[in-house]
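[1] Need a 3D model of the sequence below.
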Amino acid sequence: WMDTIQVNLNAPYQLSKLAHARMKRNGKGGVIINNSSIHGSISVEYMTAYATSKAGMDRMTAGLALEWANDNVRVNAVAPGIVPVERTAMLHTQEMKDLWHPHLPVGRMGTVEEVAHAVKYLCENEWTTGTVLTLDGGMTARSNMPIRPKPSPPLSSK
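    Reported below is the predicted structural model:
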């Protein structure tokens with residue numbers, strides 16, 4: 001629990017504070033983009049710590065956007081759904097595609113490039129702040145994510 005909150009909520013908050021201070025000092029403002037997840041608004045079993053951290057990030061994004069608007073610092077977030085990346089290699093298998101694709105109205109998982117395009121939009125649109133932009137192929141609109149198997153307990157690091 002604490003490791004997840006530290007990495008997904010506390011560290012982005014501390015980094016945002018540092019970025020805000022620099023942006024305020026330079027007098028030009030800037031944009032902070034947080035990396036959230038659809039789990040911030042809808043989740044599944046066995047994802048409690050992760051979902052809590054992302055829900056907190058979504059509210060942090062909105063709160064900091066309000067607090068820092070007068071400094072010309074905008075704060076937004078992207079909330080991707082299923083986007084296969086290196087750390088989620090298991091999503092690249094045909095078995096996982098067969099599991100997830102029926103739950104995605106667009107019929108496929110997202111791409112890193114599509115998330116990057118959304119980040120670019122949030123950086124360029126100067127009227128956008130406090131926004132959590134969901135990119136999930138319509139999955140949360142449908143609200144029928146597949147049931148996950150219970151994961152094995154993590155190996156002790158002690």
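
[2] Any buried residues in stretch 15-23, and which?
    Ser16, Ala19, His20, Met23 (16 or more other C-beta atoms under 10 Å). The way it works is simple: take the backbone N, C-alpha and C, and place the C-beta from them, glycine included.

[3] Any stretches of the protein with poor pLDDT?
    The chain contains residues with pLDDT under 70 at 144-148, 156-158.

[4] show me the biggest helix of it in terms of residues.
    Secondary structure of the chain per DSSP state H: the longest helix is helix 48-68.

[5] what about whichever helix or strand comes after it, distance to the chain center?
    Heading C-terminal from helix 48-68, the first helix or strand you meet, by DSSP states H and E, is strand 73-80. Relative to its chain's centre, strand 73-80 lies at 9 Å (C-alpha atoms, centre = their mean, to the nearest Å).

[6] which ones are touching the spatially most central residue of the chain?
    Geometric centre of the chain, nearest residue: Ser36, 1.5 Å, by C-alpha atoms, centre = their mean. Listed by C-beta atoms under 8 Å, 6 or more residues apart in numbering, the contact set of Ser36 reads Lys54, Met57, Asp58, Thr61, Ala77, Val78, Ala79, Val132.
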